[in-house]
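# quick one: sequence and predicted model below, then my questions.
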Amino acid sequence: MIRHPVDRAVSLFRLEMAQSSAAVQKNETDGDVMLDSFSLARWAHSDNHDNHNWMTRHLSNHFDGDLLPAHLETAKEILRRFCIIGLLESKDESMRRILQYFNLELNSDRSIACKDRILNWGWRNKITYAKLDHESPVFKTLAKMNAYDMELYEFARRLFIHQAKLFE
């Protein structure tokens, strides 16, 4: 499942905040606790996280240094040639396609409950938060910092629509 890059970044921020809050409560100071005092805006501008263009870096196997347009093209080609695209924003349809592709049937109470738990975010470490307004300065900053992933995400959305033909 592919997640919007800004949503992924905000989720990472919230997770780091929750983990550092837990560390403070346990008196486990390890230097990263200062993140608690950051706002999302300050965090977005900081160098305290390795967050920029995560998906493009992983798909192109280029983890250090600047990314180039060629890395984005490699990532796109990998998605196009080797992946069934699932979008978090369309998780029911994504799950339906995955089940169809692998010829899986949910025919037991246990498997249906598992699917429901996956689709409805029923895990214990779930952190909820409001989504950022797409016009907000923080959203724009995070989108700019993840420009390659933003383009890759839009490419994946187009692939998701194109792949619908395979699952009719």
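Okay, I see it.
# and stretch 108-127, average pLDDT?
Regarding stretch 108-127, the rounded mean pLDDT is 73.
# hmm, I was thinking of stretch 157-168
96.
# buried stuff in it?
Buried residues in stretch 157-168, defined by neighbour count with 16 or more other Cβ atoms under 10 Å: 157, 159-160, 163. Yep, even glycine has a C-beta here, placed from its N, CA and C like the rest.
# what about those residues, which are in strands?
Counting by DSSP state E, none of the members of those fall within strands.
# buried ones in the helix ranked longest in the chain?
When the chain is parsed with DSSP state H, its longest helix is helix 5-25. Neighbour-count burial for helix 5-25 flags 5-10, 13, 16-17, 20, 23 (criterion: 16+ other Cβ under 10 Å).
# quick one: the helix or strand of the chain with the lowest mean pLDDT to chain centroid distance?
When each helix and strand of the chain is scored by mean pLDDT, DSSP states H and E, helix 5-25 comes last, with a mean of 75. Mean C-alpha position of helix 5-25 versus that of the full chain (Cα atoms, centre = their mean, to the nearest Å) differs by 13 Å.
# what packs against it?
Helices and strands touching helix 5-25, by 3 or more Cβ pairs under 8 Å, 6 or more residues apart in numbering; DSSP states H and E, are helix 40-45, helix 54-60, helix 137-145, helix 147-163.
# what angle sits between it and helix 137-145?
110 degrees (axes from the mean of the first three to the mean of the last three Cα atoms, to 10 degrees).
# how about helix 5-25 as PDB, C-alpha atoms only?
Provided in PDB are the C-alpha atoms of helix 5-25 (Å, rounded to 0.1, in the frame of the first residue of the first chain):
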ATOM      1  CA  PRO A   5       4.300  11.200   1.200                       C
ATOM      2  CA  VAL A   6       3.100  14.100   3.400                       C
ATOM      3  CA  ASP A   7       0.800  11.800   5.400                       C
ATOM      4  CA  ARG A   8       3.700   9.400   5.800                       C
ATOM      5  CA  ALA A   9       6.000  12.200   7.100                       C
ATOM      6  CA  VAL A  10       3.400  13.500   9.500                       C
ATOM      7  CA  SER A  11       2.800  10.000  10.800                       C
ATOM      8  CA  LEU A  12       6.600   9.600  11.300                       C
ATOM      9  CA  PHE A  13       6.600  12.800  13.200                       C
ATOM     10  CA  ARG A  14       3.700  11.700  15.500                       C
ATOM     11  CA  LEU A  15       5.400   8.300  16.000                       C
ATOM     12  CA  GLU A  16       8.700  10.000  17.000                       C
ATOM     13  CA  MET A  17       6.800  12.300  19.300                       C
ATOM     14  CA  ALA A  18       5.000   9.400  21.000                       C
ATOM     15  CA  GLN A  19       8.200   7.400  21.400                       C
ATOM     16  CA  SER A  20      10.000  10.400  22.900                       C
ATOM     17  CA  SER A  21       7.100  11.100  25.200                       C
ATOM     18  CA  ALA A  22       7.200   7.500  26.400                       C
ATOM     19  CA  ALA A  23      11.000   7.900  26.900                       C
ATOM     20  CA  VAL A  24      10.400  11.000  29.100                       C
ATOM     21  CA  GLN A  25       7.700   9.200  31.100                       C
END
